[in-house]
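Visitor: output the structure for:
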Amino acid sequence: MDNQHLRSLRLRNFRSHESLNLDFNSNFIFFSGPNGIGKTNILEAISLFSPGRGLRFANSDELRAISNLGNWNVFSLFEVEKEFLEIEIGEENNGKKIVRVDGKRKPLIYVGSVLKIIWLTPAMDRLWTGRSSERRRFLDRIVMSFFPNHPKDCLFYDRALRQRNQLLKNNETDTSWFLAIEKQLAEVGYRIDSNRRKVIDILLQAKNIKEVESFFPYLEMHLSPPEISNSEDFLEALVNGRAKDRISGRTLIGPHRSDLLVRHSAKNIEAKYCSTGEQKSLLLSLFVANALAICNQFGKPPIILLDEIVAHLDQANLANLFCQLQKIKAQIFATGTERRSFQDLNLDSLFIDLKYTAEGIGCFIN
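Guide: As a prediction, the model looks like this:
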């Protein structure tokens, strides 16, 4: 199996880091330091080398350093299938994001087709009890790894949806306007729904998924409401639903109303009704299945980001998670305040302490 590794990272005017240079020669890198020093900011910088807006879902102008001394830039050196790629992501003077690969300008979708990066954050602990929009975003994040055009489709769909909703609120009677927008919604909406369902099947059918059961509960997943069978049927439903939508002032059907539903298979309980510990285990089961599916689909493990993982998992679940991830030989970046939880896991480790110095934030390897 081929691998992908991040070998170096350079941050300039990014969040709390005016200048930070890091080199990595291990499969497990753990960042420690006091709260607020910028550990998560480093993981966020790495997450930008994938489709979408990173693990905090931030706009480009939110990534600029607090000092506001200039545009932000993230420089990296990745080793992918024994070849090296220099990738830069940064902010132009007009505030837009720019991507360069080996000095040549490229769309972010190109980087997403080459690199596979997944992450766990503390906010995901509330995934099963939160809003359906949060679960859609979580699923769409997974879909992006398998269908790099998915973010573009979602943006296009959202824009067309806002246009249709505005026509409804304005009580527009020109059916030609509606039809033009609805044709776009039907085509792209069907593709979004189809790709989401394909990825759910990929996750459930991932090779070695049975291994997940030995540590984490086996889960069942499906998307509600029922599948959009084709774009023509979806278009017809949009046209027929105008009167009802006009009363509500918004579009009541489509992939923007979908929800990812998960059940604890052994107990036959929906995730939202499980205990807090069971909900975390279901999340880990899905996360490991995602990593395995990427391995199977692309022949290489993803780069994995784990934010404050020790604070949100007990030692048993932590050991089980790393047991699974070590099998696929993924490169893992993690943050936290305590590293002793990892010292007995037999990891190829690099521990980096972030500390305040007279010159700013310093990194100390120990």
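Visitor: residue 311 in helix, strand or coil?
Guide: Of the three states, residue 311 takes helix according to DSSP: H, G, I helix; E, B strand; the rest coil.
Visitor: so how far is residue 195 from the nearest residue to it once chain neighbours are set aside?
Guide: Spatial nearest neighbour of residue 311, chain neighbours left out: residue 336 (6.4 Å); criterion: Cβ to Cβ, 6 or more residues apart in numbering. Heads up, the C-betas are built off the backbone N, CA and C, glycines and all. Look at residue 336 and residue 195: by Cβ to Cβ, to the nearest Å, they are 34 Å apart.
Visitor: just residue 215 next, same as before
Guide: If you go by Cβ to Cβ, the gap between residue 215 and residue 195 works out to 29 Å.
Visitor: could you point out the longest helix in the chain?
Guide: Across the chain, the longest stretch assigned as helix under DSSP state H is helix 175-204.
Visitor: by contact count, what packs against that one?
Guide: Under the contact criterion of 3 or more Cβ pairs under 8 Å, 6 or more residues apart in numbering; DSSP states H and E, helix 175-204 touches helix 132-146, helix 150-169, strand 219-224, helix 231-240, helix 276-298.
Visitor: where does pLDDT dip in this protein?
Guide: 1-2, 207-214 (pLDDT under 70).
Visitor: how close does the closest residue to residue 158 other than its chain neighbours get to residue 136?
Guide: Leaving aside its chain neighbours, residue 158 sits nearest to residue 256 (7.4 Å; criterion: Cβ to Cβ, 6+ apart). Distance, residue 256 to residue 136, using Cβ to Cβ: 8 Å.
Visitor: could you do residue 94 as well?
Guide: Taking Cβ to Cβ as the measure, residue 94 falls 30 Å from residue 136.
Visitor: neighbour count winner among those two?
Guide: residue 136 (21 against 8; other Cβ atoms under 10 Å).
Visitor: who's in contact with that one?
Guide: 256, 258-260 (Cβ atoms under 8 Å, 6 or more residues apart in numbering).
Visitor: hmm, back to that, more neighbours: which of residue 215 and residue 195?
Guide: More neighbours surround residue 195 than the other of residue 215 and residue 195, with 21 against 17 (other Cβ under 10 Å).
Visitor: nearest spatial neighbour of the residue positioned nearest the centre of the chain, skipping sequence neighbours?
Guide: Closest to where the C-alpha atoms of the chain average out (Cα atoms, centre = their mean) is residue 141, at 4.0 Å. Distance criterion Cβ to Cβ, 6+ apart; nearest residue to residue 141, sequence neighbours excluded, is residue 52 at 6.5 Å.
Visitor: in this protein, where's the longest strand?
Guide: strand 4-14 (DSSP state E).
Visitor: and it, what's buried?
Guide: The neighbour-count check on strand 4-14 (16 or more other Cβ atoms under 10 Å) flags 4-6, 9-14 as buried.
Visitor: before we move on, what about stretch 33-51?
Guide: Quick answer for stretch 33-51 (16+ other Cβ under 10 Å): 33, 37-51.
Visitor: just stretch 321-339 next, same as before
Guide: Result for stretch 321-339 [16+ other Cβ under 10 Å]: buried residues 321-322, 324-326, 328, 330-336, 339.
Visitor: which ones among these map onto strands?
Guide: Per DSSP E, those map to strands at 332-336.
Visitor: nearest to residue 74, of those residues?
Guide: The nearest member of these to residue 74, counting by Cβ to Cβ, is residue 333 at 13.8 Å.
Visitor: quick one: contacts for that closest one?
Guide: Contacts of residue 333 by Cβ under 8 Å, 6+ apart are 6, 29, 31, 42-43, 46, 303-306.
Visitor: now tabulate the residues you listed in TSV and tack on secondary structure and distance to residue 270.
Guide: Shown next, in TSV, are the contacts of residue 333 (DSSP: H, G, I helix; E, B strand; the rest coil; distance: Cβ to Cβ, whole Å):
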residue	secondary structure	distance to residue 270
6	strand	37
29	strand	36
31	strand	36
42	helix	36
43	helix	31
46	helix	33
303	strand	32
304	strand	27
305	strand	28
306	strand	26
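Visitor: and the nearest residue to residue 163 once chain neighbours are set aside, how far is that from residue 164?
Guide: Spatially, and ignoring its direct neighbours in sequence, residue 163 is nearest to residue 181 (5.2 Å; Cβ to Cβ, 6+ apart). Per Cβ to Cβ, residue 181 is found 5 Å from residue 164.
Visitor: same check, this time on residue 275
Guide: Residue 275 is 41 Å from residue 164, by Cβ to Cβ.
Visitor: burial of the residue nearest to residue 141, as a residue count?
Guide: Residue 52: 17 neighbours (other Cβ under 10 Å).
Visitor: wasn't it part of a helix?
Guide: No - read with three-state DSSP, residue 52 is coil and lies in no helix.
Visitor: ramachandran coordinates for it?
Guide: Per-residue torsions, residue 52: phi 100, psi -160 (degrees, to the nearest 10).
Visitor: again, but for residue 241
Guide: Here is the backbone geometry of residue 241 (degrees, to the nearest 10): phi -90, psi 10.
Visitor: list the contacts for it?
Guide: 251-253.
Visitor: any quick PyMOL command for the buried ones out of those?
Guide: Only the buried members of the contacts of residue 241 end up in this PyMOL selection, burial being decided by 16+ other Cβ under 10 Å:
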select buried, resi 251+253
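Visitor: would you mind measuring from the residue nearest to the centre of the chain to residue 118?
Guide: 8 Å.
Visitor: burial measure for residue 358, as a count.
Guide: 5.
Visitor: of residue 275 and residue 164, who's got more company?
Guide: residue 164 (23 against 11).
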